[in-house]
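**Q** how would this look folded up:
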Amino acid sequence: MTSVNLSNIAITKAKFRYSMSELVDDFLRKKLSKEVREYAKNELGIDHIYKSYDFSKIDFEKDDFVEPDVSLGDMYYRTLKKSLRGVDTKKIGLLVTINDNQQYLDPSPTVELIPKLAFRKDIRAQNFQGLACSSFSESLLNSAGFFLMNGKDDAVVLIGTHYTPWFLDRIKQIKHISKKNKADFHNLIYFLIFSDITASVILSEKKTKNTQLQIDTESILTLKDTKNASKKATIKISPDKKHRMIFDMKLDSQKLRQDVANLSAQNIKLLRKKTPSEFKKIKIWGLHTAGRRFVDYVSEKCQIDKTQIGLSYDLMKKTGNTGAVSSLQFINECVNKKELSKNQLGCFVDYG
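**A** Numbers count the residues shown, from 1 in each chain. The predicted structure follows:
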């Protein structure tokens, strides 16, 4: 058995906090139909989100591109500095970045962070882009593989969810949003549900004095959708007449919900079969905080009692959809709130 020991968890939220009512009734009121405003306030299950923009300075009626007030690079750096406090960076042999943002043409964050944080020259680097909210489990398995090859070194995982520049730019170009135009409506919903947030954690093969939680890699199960018979979502990025890159998304949210719920249910079935005695000891469940409809649907499909996932609903209300950070955020809350005692088990279901 290979275990992954988690320590020095750090989470950084973007500095601007907004209520859902503030966003739809104040900043975006002129753009939204009343039906859309009521939907956002009553159906998303989210009370507050964190953004990298000071919206009081933005004219939402203009279609100009606006740079964030807080850069993802700065949030990455501040977060990793917290995790690395008191740590010898020369003992870190692997840096994994989970890079959920719109800048596909940017260099990997490792290009900037390795010299700034004084990592050693031969550190291995991996960058996940595209697995989105389900990336953390993959990073744990990759780190476990690294330990098997080189057990003396630790790994560090850095996660960034920074979708606001993507969706804000699209929202500013739309004159009016109602539920009649599904593409515009989904762009708005994704703008509203995501927080800009970063997180990091140090992973070790052996337990240390700083270990907060241990995960048996035998219990980490990941499944991919191999059918791909129909497109659930398409993303198109192309220049307009002014050579500005325009982001457009078409999404079949119902199909997406069904497919991630089916995969999640299959994963849980495999976990129960693989570790029957441990499965019975699971005290608390967590689900990726993708919005109330997703969490409700996935939990029902997986036959998880809602009383056991109260922490996920609570986190979703307070910070919205935190992307791939949601896994580590849930783990961190379990530790800080002492939801789990020594030798007790919890289970998190991520999907994306």
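**Q** all helices for the stretch 201-350 of the chain, in order.
**A** 253-274, 276-279, 292-301, 310-319, 325-336 (DSSP state H, counting those that start in this stretch).
**Q** turn the ones you listed into TSV, including mean pLDDT and mean neighbour count.
**A** Glycine gets a C-beta too; all of them are placed from N, C-alpha and C. As requested, the helices of the stretch 201-350 of the chain are arranged in TSV below (pLDDT from 0 to 100; neighbours: other C-beta atoms under 10 Å):
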stretch	mean pLDDT	mean neighbour count
helix 253-274	92	16
helix 276-279	91	11
helix 292-301	95	18
helix 310-319	96	19
helix 325-336	94	23
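**Q** okay, those in JSON lines with distance to Cys347 next?
**A** JSON lines is the format used below for these (distance: least, C-beta to C-beta, whole Å):
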{"stretch": "helix 253-274", "distance to Cys347": "7"}
{"stretch": "helix 276-279", "distance to Cys347": "8"}
{"stretch": "helix 292-301", "distance to Cys347": "12"}
{"stretch": "helix 310-319", "distance to Cys347": "11"}
{"stretch": "helix 325-336", "distance to Cys347": "10"}
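**Q** can you say which of those is nearest to Gly45?
**A** In terms of C-beta to C-beta, the element of the helices of the stretch 201-350 of the chain nearest to Gly45 is helix 292-301, at 2.9 Å.
**Q** what packs against the closest one?
**A** Applying 3 or more C-beta pairs under 8 Å, 6 or more residues apart in numbering; DSSP states H and E, one finds that helix 292-301 contacts helix 253-274, strand 282-287, helix 310-319.
**Q** who wins for proximity to Ala199 among those?
**A** Across those, closest to Ala199 is helix 310-319 (C-beta to C-beta), at 11.3 Å.
**Q** ok, residues contacting that closest one?
**A** 13, 45-50, 195, 197, 284-289, 291-292, 295, 306, 322, 326, 329-330, 333-334, 337, 339 (C-beta atoms under 8 Å, 6 or more residues apart in numbering).
**Q** out of the helices and strands in the protein, which is least certain?
**A** strand 233-239 (a mean of 65; mean pLDDT, DSSP states H and E).
**Q** save the helices and strands packed on helix 292-301 as TSV, and put in distance to Asp154 too.
**A** TSV is the format used below for the helices and strands packed on helix 292-301 (distance: least, C-beta to C-beta, whole Å):
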stretch	distance to Asp154
helix 253-274	27
strand 282-287	25
helix 310-319	27
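**Q** so His186 sits against Met249, correct?
**A** Yes. In this structure, His186 is within contact of Met249 by C-beta atoms under 8 Å, at 6.5 Å.
**Q** what touches both of those two?
**A** Joint contacts of His186 and Met249 (C-beta under 8 Å, 6+ apart) do not exist.
**Q** in contact with the closest residue to Lys206 other than its chain neighbours, which residues?
**A** Nearest residue to Lys206 in three dimensions, chain neighbours excluded: Asn5, at 6.8 Å (C-beta to C-beta, 6 or more residues apart in numbering). Contact partners of Asn5, counting by C-beta under 8 Å, 6+ apart, are 203-208, 211, 213-215.
**Q** ok, 10 Å please
**A** Asn5 sits next to 147, 154, 202-208, 210-215 when contact means C-beta atoms under 10 Å, 6 or more residues apart in numbering.
**Q** try Ser56
**A** 16, 26-27.
**Q** what's the answer for His176, then?
**A** His176 makes contact with 30-33, 36, 184 under the criterion C-beta under 10 Å, 6+ apart.
**Q** closest to Thr97 out of the helices of the stretch 201-350 of the chain?
**A** helix 325-336 (12.6 Å).
**Q** just the strands in the stretch 1-150 of the chain please.
**A** Secondary structure of the stretch 1-150 of the chain (DSSP state E, counting those that start in this stretch): strands at 3-13, 16-19, 48-51, 92-101, 124-128.
**Q** can you put the ones you listed in a markdown table and add mean pLDDT?
**A** A markdown table is the format used below for these (pLDDT from 0 to 100):
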| stretch | mean pLDDT |
| --- | --- |
| strand 3-13 | 95 |
| strand 16-19 | 98 |
| strand 48-51 | 98 |
| strand 92-101 | 83 |
| strand 124-128 | 84 |
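**Q** quick one: closest of those strands to Ser277.
**A** Nearest of these to Ser277, taken as C-beta to C-beta: strand 3-13 at 17.3 Å.
**Q** hey, C-alpha coordinates of that closest one in CSV?
**A** The C-alpha atoms that make up strand 3-13 are tabulated as CSV, following Å, rounded to 0.1, in the frame of the first residue of the first chain:
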residue,chain,number,x,y,z
SER,A,3,-0.1,6.3,1.2
VAL,A,4,0.0,10.0,0.6
ASN,A,5,0.3,12.2,3.7
LEU,A,6,-1.0,15.7,3.4
SER,A,7,0.5,18.6,5.4
ASN,A,8,0.7,22.5,5.3
ILE,A,9,-2.6,23.0,3.5
ALA,A,10,-3.0,26.7,2.5
ILE,A,11,-5.9,28.4,0.8
THR,A,12,-6.1,31.9,-0.6
LYS,A,13,-9.3,33.5,-1.7
